[in-house]
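**Student:** Any chance you could fold what I've pasted below:
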Amino acid sequence: MTTPPVTTPPADLRADLTERLLEHCSLMCVTGDEGPIADATVARYEARGERVTRVRHSIVVDGRRDDGRPLVLLVGHLDVVAPTDDDVTPRLETRDGVEVVVARGTSDMKAGNVIAMAAFEDEQLRAASPYDLALVLYSGEEGAADGNELREVLEAVPWLREAALAIVLEPTDGEVQLGCLGGLHAELRFTGTQAHSARPWHGENALTKAGAFLAELHEDHVTDVEVDGIAYRDVWSATMAWTPGLAPGARAEQPFRNVIPGAFTVNLNLRFAPSRSLTAAEAELRARVGDRAEVTVTDLAPPAPPRLDHPVVQAFVNSVGARVAAKQAWTDVARFAELDVPALNFGPGLTAQAHQRGEYARVDDLVDGHARLVRFLRGSSA
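**Tutor:** Reported below is the predicted structural model:
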């Protein structure tokens, strides 16, 4: 946690949040297999008499009181990446004198889900809060973009688009991380002429033809960009590359070693600050490559602006009292930005623990994150 604790919590709250996290992690929910945790979540809130809407394996719990209070969404994803033998069994441990919960998904992002659920289930808090609350727990975030169910949820439950603020509880090390980067993946195909490697002068090596561009990318791949006083970074990365395999267009693991490749393809990933649109970023990418390679854009993810000037975002920042930073990645705040719903990232999980073997979250961070979230929901200032 990057900021000092709000307060010393009562022991029963600490124990309650710890038990909640252990319970939440006991339901394995690897992307594509979220049915059991969705079933359990629906049963939990229907037993409490809440209004529940299920969209495939995603859940919306409606806590609105229809009295004109602005709506705040507490948003988290249910799915996790595949566990390892170091984190498949949830457990409480002490490491260097610090209590941690070890389990797949603790930091990314079940610790965030737990503080959201605990706040939502606090009847006194909901009654006294200046905000209406809704809980949005969706599936498919860790997989391919077309399997992410949040867009479908926002279409199926249209009143979510009227929210004053969406708090996405991804791991942020306790920071308030505003906006998010946009992203482009493009395949750059460098073309030469295939030949025998004993007589390379009969052709043109497409692989080495790409060398000048790759060397340029190695030296110039990070640019600092400030948006509304928040520091982001544009990042250009070559993440994959291949020559043709045995069949046209194939990526064989062992293409012929004695062939000068007539084609060489590089996957270029541009992560860019919310200072421009997807269209502008694609134009920038194409201009940088120029006529050196054929460009095929394969994936697009829009950025989200920080919205620091929005009154509800300002109220959150003032209440939480945590460090404000950029989200140097893409998150689902971008889906809310597309609908003009202000959104931000705030969660107790550790970014460095996401997808790690033996993934863990610190109990101190869990308790402190809950206290800060509750302070905002009460309408209090730091």
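**Student:** Now the phi/psi pair for the residue nearest to residue 165 when sequence neighbours are not counted, please.
**Tutor:** The shortest distance from residue 165 to any non-neighbouring residue, by Cβ to Cβ, 6 or more residues apart in numbering, is to residue 312 (4.4 Å). (Glycine included, C-beta is placed from N, CA and C.) When read as degrees, to the nearest 10, the backbone of residue 312 gives phi -70, psi -40.
**Student:** correct me, but residue 312 touches residue 73?
**Tutor:** No. The criterion here is Cβ atoms under 8 Å, and residue 312 misses it with residue 73 at 11.3 Å.
**Student:** Who has more neighbours out of those two?
**Tutor:** residue 73 (23 against 17; other Cβ atoms under 10 Å).
**Student:** Would you quantify the distance from the more buried one to residue 165?
**Tutor:** Distance, residue 73 to residue 165, by Cβ to Cβ, to the nearest Å: 7 Å.
**Student:** next one: residue 281
**Tutor:** From residue 281 to residue 165 the distance is 26 Å (Cβ to Cβ).
**Student:** ditto for residue 300
**Tutor:** Distance from residue 300 to residue 165, by Cβ to Cβ: 26 Å.
**Student:** Give me the more crowded residue out of these two.
**Tutor:** Between residue 300 and residue 165, counting by other Cβ under 10 Å, residue 165 is the more crowded of the two (23 against 15).
**Student:** Excluding chain neighbours, what is closest to the residue sitting nearest the centre point of the chain?
**Tutor:** Geometric centre of the chain, nearest residue: residue 331, 3.5 Å, by Cα atoms, centre = their mean. Nearest residue to residue 331, sequence neighbours excluded (Cβ to Cβ, 6+ apart): residue 180, at 4.8 Å.
**Student:** can you check residue 194 too?
**Tutor:** residue 262 (3.4 Å).
**Student:** Ok, residue 281 next?
**Tutor:** Of all residues not flanking residue 281 in the chain, residue 272 sits nearest, at 4.8 Å (Cβ to Cβ, 6+ apart).
**Student:** ditto for residue 225
**Tutor:** residue 273 (3.8 Å).
**Student:** Around that neighbour, how many other residues sit close by?
**Tutor:** If you count neighbours by other Cβ under 10 Å, residue 273 ends up with 26.
**Student:** wait, isn't it in contact with residue 222?
**Tutor:** No. Judged on Cβ under 8 Å, residue 273 makes no contact with residue 222 at a distance of 11.4 Å.
**Student:** who touches both of the two?
**Tutor:** 233, 234 (Cβ atoms under 8 Å, 6 or more residues apart in numbering).
**Student:** What strand or helix carries residue 368?
**Tutor:** Assigned by DSSP states H and E, residue 368 belongs to helix 363-377.
**Student:** Which positions within stretch 326-334 qualify as buried?
**Tutor:** Within stretch 326-334, the residues scored as buried using 16 or more other Cβ atoms under 10 Å are 326, 327, 328, 330, 331, 332, 333, 334.
**Student:** Quick check: mean pLDDT of that stretch?
**Tutor:** Averaged across stretch 326-334, pLDDT comes to 96.
**Student:** For it, measure first residue to last.
**Tutor:** 13 Å (Cα to Cα, to the nearest Å).
**Student:** just how off-centre is that stretch within its chain?
**Tutor:** 6 Å (Cα atoms, centre = their mean, to the nearest Å).
**Student:** do the same with stretch 308-325
**Tutor:** For stretch 308-325, the distance to the chain centre is 20 Å (Cα atoms, centre = their mean).
**Student:** Give the next helix or strand downstream of the helix or strand bottoming out on mean pLDDT in the chain.
**Tutor:** One helix or strand of the chain scores below all others by mean pLDDT, DSSP states H and E: strand 259-260, with a mean of 92. Downstream of strand 259-260, the first helix or strand assigned by DSSP H and E is strand 263-272.
**Student:** partners of that next one, with directions?
**Tutor:** strand 182-191 (antiparallel), strand 230-242 (antiparallel) (DSSP bridges).
**Student:** which of those sits most buried?
**Tutor:** strand 182-191 (a mean of 20; mean count of other Cβ atoms under 10 Å).
**Student:** right, and the helix or strand after that strand?
**Tutor:** Next element after strand 182-191 (DSSP H and E): strand 195-196.
**Student:** For that following strand, which helices and strands make contact with it?
**Tutor:** If contacts are counted by 3 or more Cβ pairs under 8 Å, 6 or more residues apart in numbering; DSSP states H and E, strand 195-196 sits against strand 259-260.
**Student:** so how far is the strand it packs on off the chain centroid?
**Tutor:** Per Cα atoms, centre = their mean, the centroid offset for strand 259-260 relative to its chain is 41 Å.
**Student:** what helices or strands is that strand leaning on?
**Tutor:** Using 3+ Cβ pairs under 8 Å, 6+ apart, the elements in contact with strand 259-260 are strand 195-196.
**Student:** which residues sit against the strand it packs on?
**Tutor:** 201, 202, 203, 204, 258, 259, 260, 262.
**Student:** and the first one, which of the three is it?
**Tutor:** Right, residue 201. Assigned by DSSP: H, G, I helix; E, B strand; the rest coil, the conformation of residue 201 is helix.
**Student:** if I look at it, how far off is residue 152?
**Tutor:** For residue 201, the distance to residue 152 - Cβ to Cβ - is 56 Å.
**Student:** out of these two, which sits in the busier spot?
**Tutor:** Applying other Cβ under 10 Å to residue 201 and residue 152 shows that residue 152 carries more neighbours, namely 16 against 7.
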